[in-house]
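Colleague: only the shape, not the letters, is given here:
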């Protein structure tokens, strides 16, 4: 069976490296399915979930990674994902994320309108909201 080789990294560490059956990237233009034999392409990642399907030899199944920004390069059945922010859905602790978001909101409110640090805290708050949305979604699907 054909497979893809996938390397998934974020600035501080590698999240995954190995063979996958397929994956669905979240891009600014929408979702992009990638299977063996996909044409060479470089895409900008958006905000959302990258869905990775394991090979049957690895037990099949899917696991999800929340991403925000970055790029993916597809070439010769290899996919390299360089994400600005990435977190496995199973690795999200909603209490920690809420605390981080609340701290960022407090800091944002204490900074003047013209301060360049506002963009950093805006981005941090958006990232936390994206993580919380996915944590709620995975908890809801686990109860079904």
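Modeller: It's in. This one's a predicted model, so the numbers in the text were calculated from it and none came from an experiment.

Colleague: now the helices for the protein?
Modeller: Counting by DSSP state H, the segments of the chain that form helices are 94-110, 117-142.

Colleague: helices or strands next to the first one in the packing?
Modeller: Just to be clear, that refers to helix 94-110. helix 117-142 (3 or more CB pairs under 8 Å, 6 or more residues apart in numbering; DSSP states H and E). For every residue, glycine as well, the C-beta is placed using N, CA and C.

Colleague: same for the helix it packs on, what does it pack against?
Modeller: Contact analysis of helix 117-142 by 3+ CB pairs under 8 Å, 6+ apart lists strand 47-54, strand 62-75, helix 94-110 as its packing neighbours.

Colleague: for these, which one ends up most surrounded?
Modeller: Highest mean neighbour count of the helices and strands packed on helix 117-142: strand 47-54, a mean of 20 (counted as mean count of other CB atoms under 10 Å).

Colleague: tell me how far stretch 49-66 is from the chain's mean position?
Modeller: For stretch 49-66, the distance between its averaged C-alpha position and the chain's averaged C-alpha position is 13 Å (CA atoms, centre = their mean, to the nearest Å).

Colleague: do stretch 99-113 as well
Modeller: Going by CA atoms, centre = their mean, where stretch 99-113 is centred and where its chain is centred differ by 24 Å.

Colleague: what's the distance between residue 47 and residue 56?
Modeller: If you measure residue 47 against residue 56 using CB to CB, to the nearest Å, the figure is 31 Å.

Colleague: picking that back up, save the helices and strands packed on helix 117-142 as CSV, and put in distance to residue 39 and mean pLDDT too.
Modeller: Rendered in CSV, the data for those read as follows (distance: least, CB to CB, whole Å; pLDDT from 0 to 100):
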stretch, distance to residue 39, mean pLDDT
strand 47-54, 19, 95
strand 62-75, 7, 95
helix 94-110, 37, 95
